[in-house]
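In: Sharing a model prediction with you, sequence too.
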Amino acid sequence: MTQTPPPAQTDTPATPQEGALRRTLKNRHIQLISLGGAIGTGLFYGSGESISLAGPAIIIAYLIGGWAIFMIVRALSEMSVEDPKSGAFSYYATRYWSKRAGFISGWNYWLNYVLVSMVELSVVGSFVNFWFPSIPAWVSAAFFLVVITATNLMGVSKFGEFEFWFAIIKIAAIIAMIVGGLAVVILALPTAGGLKASFSNWFTVGGGFLPNGLMQRGADGQWTGLLMALAVVMFSFGGTELLGITAGETADPRKTIPKATNAVVWRILVFYILTLGVIMAVVPWNAIGKPNAQGMVISPFVQIFDSVGIHAAAGILNFVCLTAVMSVYNSALYSNSRMLYSLAKQGNAPRYLDRLSKGGVPYAGVLTSACVIALAVVVVFLWPRFAFNYLMSVATIAAMLNWAIIMLTEMHFRKAVAEGHGPGELAGRTGKDALEDLHFKLPWARVTPWMVLAFMALVVVLMCFSPSYRPAVTAGPIWLAILLAAYQLTHRHQHR
């Protein structure tokens, strides 16, 4: 039986008023927020893992993963353009699918970013200790938690401005690396490793472009290959969906969201593919992520800066990574506060969470999320092995669940539009005519959601072959069962 969508939220009027979210995020904020959200410590430090799995063929893995994440963001943007609301996919899941779907979507996303924030804040101390070794790690975590929380309480425009400059710093570091690496290749400058820098190294070093094949098991029992790199690649794109969360506070969403969506994704692909391509031209791919002479595993970015002759690379990268950590927590706290606000509006969270300040900030959601994150950081310091081995497994599978819900919700959204239950000017219009009037349509909408879902199912299967990701596959069904049980307990008196 088709569910009739409930009335739309009315919390985001076109003109600012007291007690309402404000549409003050500009196009430059939106583009840099989404771009910066997908460029973090995973690229600066974690790219070595993905390269070791697939070799130069990692470029293909990023192209495949980039296509999938682009379709996910396009699906979300299709709904955001027509119905820009705070809470994004949780709100859409509630209105166009069911209240249960909205509950699962919202709380899953919220916990995902609580856990991500927990890990980012727990490692911030290591970056601070690079310069100030005597400062306890918990002091650094507490300091940045307070500073970023205060920033979020100032208003969405201040959040956007902070995130804009955080992203600029990360992008500047990447551009510097690309320019430096290209200079080494073009000018044929000598490198620290002694190997001549050239893009031909993709095909001549360590077994060629596809050294580990599509998938193969090594002598140590570990699986490697192009397919095994897909799981690492997909999670490096985590955070791109933040674009949809900002829709309720975006000026002129019908113009801004499509522009940001189309621009951000190709920029991410350029940054990832061009960056890794240049790194592998300067530093042999099979030397990336390997211990140096002192027995330490250093970032590929440090390796390439060293090759260029900038031996202060470790200090530069440390500053960039500290910025990346602050950026992740800034974005996480913003998105979590808006998600709690939206859940409260839907009746899927305590009502106090829909309280707004006079400046339009969901302060109850900001403070609640900050308090939970603070407790989570304490857990990391007390039981680090438990936190990283198990809690992050939940965060890993929660990201996949987020993306799957977005694609499923998009199909329900289109069904609602075709039946005359669309938002705004689409209301009352039915059939193909209504679907044709969508302003930012998902390409090949009849098959794309199923293709993306099939691809994500493949990634989950591949995760079973990796000791690092296997706990996430086990945690997934358990976590989903907990969410379903929580919904039943909190909505006993209601029916779907």
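Out: On my side now, so go ahead.
In: ok, the nearest residue to residue 47 once chain neighbours are set aside to residue 403 distance?
Out: Ranked by Cβ to Cβ, 6 or more residues apart in numbering and with sequence neighbours excluded, the top spatial neighbour of residue 47 is residue 300, at 5.5 Å. Backbone N, C-alpha and C define where each C-beta goes, glycine included. According to Cβ to Cβ, to the nearest Å, residue 300 and residue 403 sit 27 Å apart.
In: Residue 203 too?
Out: 33 Å.
In: and what of residue 130?
Out: 34 Å.
In: what does residue 350 give?
Out: Counting by Cβ to Cβ - residue 350 and residue 403 are separated by 27 Å.
In: quick one, which of the two is more surrounded?
Out: In terms of neighbours (other Cβ atoms under 10 Å), residue 403 is the more surrounded of residue 350 and residue 403; the figures are 27 against 12.
In: Please state the offset of the strand or helix carrying residue 149 from the chain centre?
Out: Taking DSSP states H and E as the definition, residue 149 sits inside helix 137-154. How far helix 137-154 lies from its chain's middle: 21 Å, per Cα atoms, centre = their mean, to the nearest Å.
In: Determine the set of other helices and strands touching that helix.
Out: Judged by 3 or more Cβ pairs under 8 Å, 6 or more residues apart in numbering; DSSP states H and E, helix 137-154 is in contact with helix 99-131, helix 156-186, helix 313-346, helix 363-382.
In: Residue 254: neighbour count?
Out: 13.
In: same check, this time on residue 133
Out: Residue 133: 7 neighbours (other Cβ under 10 Å).
In: Determine the three-state secondary structure at it.
Out: coil (DSSP: H, G, I helix; E, B strand; the rest coil).
In: Over to it: give its phi and psi.
Out: phi -60, psi -20 (degrees, to the nearest 10).
In: so what pLDDT did it get?
Out: Among the per-residue scores, residue 133 holds a pLDDT of 88.
In: That one and residue 126: what is the separation?
Out: From residue 133 to residue 126 the distance is 10 Å (Cβ to Cβ).
In: Next: residue 211.
Out: Applying Cβ to Cβ to residue 211 and residue 126 gives a distance of 32 Å.
In: Going along the chain, name the strands of the chain.
Out: 216-217, 223-224 (DSSP state E).
In: Distance to residue 492, mean neighbour count and mean pLDDT added to these, as JSON lines?
Out: Formatted as JSON lines, those follow (distance: least, Cβ to Cβ, whole Å; neighbours: other Cβ atoms under 10 Å; pLDDT from 0 to 100):
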{"stretch": "strand 216-217", "distance to residue 492": "49", "mean neighbour count": "14", "mean pLDDT": "94"}
{"stretch": "strand 223-224", "distance to residue 492": "45", "mean neighbour count": "19", "mean pLDDT": "94"}
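In: so which of the ones you listed gets nearest residue 245?
Out: Between residue 245 and the strands of the chain, the shortest gap by Cβ to Cβ is with strand 223-224, which sits at 34.9 Å.
In: Quick check, residue 60 in contact with residue 230.
Out: No - the criterion here is Cβ atoms under 8 Å, and residue 60 misses it with residue 230 at 9.8 Å.
In: So between those two, which is more surrounded?
Out: Applying other Cβ under 10 Å to residue 60 and residue 230 shows that residue 230 carries more neighbours, namely 26 against 17.
In: who touches the more buried one in this structure?
Out: 61, 64-65, 458-459, 462 (Cβ atoms under 8 Å, 6 or more residues apart in numbering).
In: measure residue 140 to residue 113 for me?
Out: 20 Å.
In: Those two: which has the busier surroundings?
Out: Remark: of residue 140 and residue 113, residue 113 carries more neighbours, 28 against 22, as counted by other Cβ under 10 Å.
In: Thought residue 336 was touching that one, still the case?
Out: Yes - between residue 113 and residue 336 there is a contact under Cβ under 8 Å: 5.1 Å.
In: Count the neighbours of the residue nearest to residue 341 when sequence neighbours are not counted for me.
Out: Sequence neighbours aside, residue 362 is the residue nearest to residue 341 in space, at 3.9 Å (criterion: Cβ to Cβ, 6+ apart). Residues within reach of residue 362, counting by other Cβ under 10 Å, total 29.
In: Any chance of the backbone angles for residue 362?
Out: phi -70, psi 70.
In: Poorly predicted segments of the stretch 301-450 of the chain, please.
Out: Low-confidence segments of the stretch 301-450 of the chain (pLDDT under 70): 306-309, 311, 388-389.
In: Residue 377 touches residue 123, doesn't it?
Out: No - taking Cβ under 8 Å as the definition, residue 377 is not a contact partner of residue 123, at 10.3 Å.
In: residue contacts, the residue nearest to residue 47?
Out: 47-48, 51, 276, 279, 283, 288-289 are the contacts of residue 300 under Cβ under 8 Å, 6+ apart.
In: Report the contact partners of the closest residue to residue 336 other than its chain neighbours.
Out: Nearest non-adjacent residue to residue 336, counting by Cβ to Cβ, 6+ apart: residue 369, 4.1 Å away. By Cβ under 8 Å, 6+ apart, residue 369 lies in contact with 110, 114, 333, 336-337, 340.
In: From residue 100, how far out is residue 369?
Out: From residue 369 to residue 100 the distance is 23 Å (Cβ to Cβ).
In: Equivalent analysis for residue 70, please.
Out: Counting by Cβ to Cβ, the gap from residue 70 to residue 100 is 28 Å.
In: same deal with residue 319?
Out: 45 Å.
In: more crowded one of those two?
Out: residue 100 (18 against 15).
In: Surely that one touches residue 490?
Out: No - with contact defined as Cβ under 8 Å, residue 100 does not reach residue 490; the gap is 10.7 Å.
In: For the spatially most central residue of the chain, give me the backbone phi and psi.
Out: When Cα atoms, centre = their mean is applied to the chain, the residue found nearest the centroid is residue 239 (1.5 Å). Backbone torsions of residue 239, given as degrees, to the nearest 10, read phi 110, psi -20.
In: For it, give its distance to residue 332.
Out: 9 Å.
In: just residue 65 next, same as before
Out: Counting by Cβ to Cβ - residue 65 and residue 332 are separated by 22 Å.
In: repeat for residue 123
Out: 14 Å.
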